[in-house]
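# any chance you can model this:
(one chain, ligands or ions: 1)
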Amino acid sequence: APSGRAAALRARMEERLLGARFRYINQQLYTSRSQDALHLFQSDPEAFHIYHRGFAQQVGRWPENPVDRIIRRLRQQPASLVVADFGCGDCKIASSVRNKVHCFDVVPLSPRVTVCDMAKVPLAAESVDVAVFCLALMGTNLQEILEEANRVLKQGGALLVAEVASRFKDIRAFMSAMAQMGFRTVSKDLSSTFFYLLEFTKTGPPRRRPCAGLRLLPCLYKRR
Ligand code: SAH
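Below is the predicted model of the structure:
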């Protein structure tokens with residue numbers, strides 16, 4: 001049997017390896033198209049568990065988890081509203097509100113999840129009242145992803161976005177690009193140094209021309 005020290009050393013090495021794999025997978029997700037995320041995780045299901053463990057550790061260091069803010073926001077509104085949670089992870093939203101919540105992710109962490117690419121979800125046009133992206137706008141095809149959210153949202157429906165603050169290079173350009181995507185700003189909370197919380201209303205279909213301001217920097221975590 002390994003001595004206590006050897007076991008501790010091995011545990012530390014395993015932790016480092018998992019950390020390195022998490023950062024590698026995370027970087028892949030932020031630098032490739034959303035369709036590729038589906039393939040990445042389907043070809044390597046273990047990667048998904050490593051990713052999620054690392055993600056939970058990162059967010060666990062923050063003073064507040066944005067998903068709790070979104071849950072609070074949903075609870076202020078009627079439970080009859082239908083919600084779509086894009087990149088739902090462990091489905092904390094669905095398990096915390098009374099609303100009907102469609103949960104989409106690339107791998108099912110929970111039986112509630114419908115496995116798909118968030119740029120192509122199996123919902124009818126104008127079928128949901130609220131679309132949520134909580135730390136989930138990862139793919140480089142951001143425009144396509146937001147077009148999909150626009151498609152499934154009813155006119156006047158709400159889009160709730162929580163994203164890592166450091167991903168926004170130019171928040172004003174981003175907000176005006178969102179207006180071109182058919183989303184009017186309702187509120188923006190930029191007070192946390194960790195994440196921004198943005199709320200929009202769907203005003204109509206997106207304009208098809210590309211939006212230069214619609215860019216988010218990848219969120220690359222440092223080695224610790
Ligand atoms: N919204 C959850 C999880 C955020 S982590 C929360 O706040 O706790 C980002 C999630 O987006 C991961 O679960 C990841 O698997 C998912 N994701 C990344 N790319 C995706 C894609 N192309 N389609 C669907 N989900 C995706």
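
# contacting residues around the residue nearest the centre of the chain?
Nearest to the centroid of the C-alpha atoms of the chain, with distances taken as Cα atoms, centre = their mean, sits residue 136, at 1.2 Å. When contacts are counted by Cβ atoms under 8 Å, 6 or more residues apart in numbering, residue 136 touches 86, 87, 88, 89, 118. For every residue, glycine as well, the C-beta is placed using N, CA and C.

# recalculate using a threshold of 7 Å.
When the contact criterion is Cβ atoms under 7 Å, 6 or more residues apart in numbering, the partners of residue 136 are 86, 87.

# now it: which helix or strand?
When secondary structure is defined using DSSP states H and E, no element contains residue 136, which sits outside every helix and strand.

# could I get the pLDDT score of it?
Predicted confidence (pLDDT) at residue 136: the value is 97.

# verify the contact between residue 167 and residue 219 for me.
Yes. Using Cβ atoms under 7 Å, residue 167 and residue 219 qualify as a contacting pair, with a distance of 5.4 Å.

# please identify the residues of this structure in proximity to the ligand?
When proximity is defined as Cβ under 6 Å from any ligand atom, the chain approaches the ligand at 29, 34, 37-38, 55, 67, 87-89, 92, 104-106, 117-118, 134-136, 138-139.

# looking at those residues, which are in strands?
Counting by DSSP state E, the part of those found in strands is 104, 105, 134.

# give me the pLDDT value at the second one.
In this model, residue 105 is scored at 96, pLDDT.

# that one bridge partners, please.
Applying DSSP bridges to residue 105 yields these beta-bridge partners: residue 115.
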